[in-house]
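Trainee: Sequence and predicted structure below; questions after.
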Amino acid sequence: MLEHLTKETFKQKIFNYDVNKEWKFEGEKPALIDFYADWCQPCKMVAPILEELSEDFKGKVDIYKVNTEEERELSAIFGIQSIPSLLFIPKEGQPQMAMGALPKDTFIKAFKDVFNVEKPN
């Protein structure tokens, strides 16, 4: 089961925007955040893929979800206009946003390219 972030857990695990103005990742592993809503059909298509990826990459990548209806402040901070929006956060460097329902292969390639993490066999 993927962890749902609230404003408070986001500040602990991802980025404490109350303290830092410049991006400073708080996590220990690369992370992916799925900004979604319950009514969004493409979001529902991505959900099982993210569950599989969280198993495939357990211990290598943290995968979180943010409900844009419940966490409006987080959505506003990242300027979320369309969902699903997927935020890829490498250990070092700036996060990258991708829009839309991506196929599993695209996630695996992004994990390799952005996070430098290969899928274990």
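Mentor: Nice, I can see it.
Trainee: Give me the nearest residue to the residue nearest to the spatial centre of the chain, chain neighbours excluded.
Mentor: Geometric centre of the chain, nearest residue: I33, 1.2 Å, by Cα atoms, centre = their mean. The shortest distance from I33 to any non-neighbouring residue, by Cβ to Cβ, 6 or more residues apart in numbering, is to L87 (4.3 Å). In short, each C-beta sits where N, CA and C put it, glycine included.
Trainee: Next up, the contacts around that neighbour.
Mentor: Counting by Cβ atoms under 8 Å, 6 or more residues apart in numbering, L87 touches L32, I33, F35, F78, P95, Q96, M97.
Trainee: 7 Å instead, please
Mentor: Shown in contact with L87 (Cβ atoms under 7 Å, 6 or more residues apart in numbering): L32, I33, F78, P95, M97.
Trainee: ok, which pair from those is furthest apart?
Mentor: For those, with distances taken as Cβ to Cβ, the pair at the greatest spread is L32 and F78 (13.3 Å).
Trainee: same for the longest helix seen in the chain, what does it pack against?
Mentor: Looking across the chain with DSSP state H, the single longest helix is helix 41-56. Helix 41-56 sits against strand 31-36, strand 62-67, helix 104-110, with contacts defined as 3 or more Cβ pairs under 7 Å, 6 or more residues apart in numbering; DSSP states H and E.
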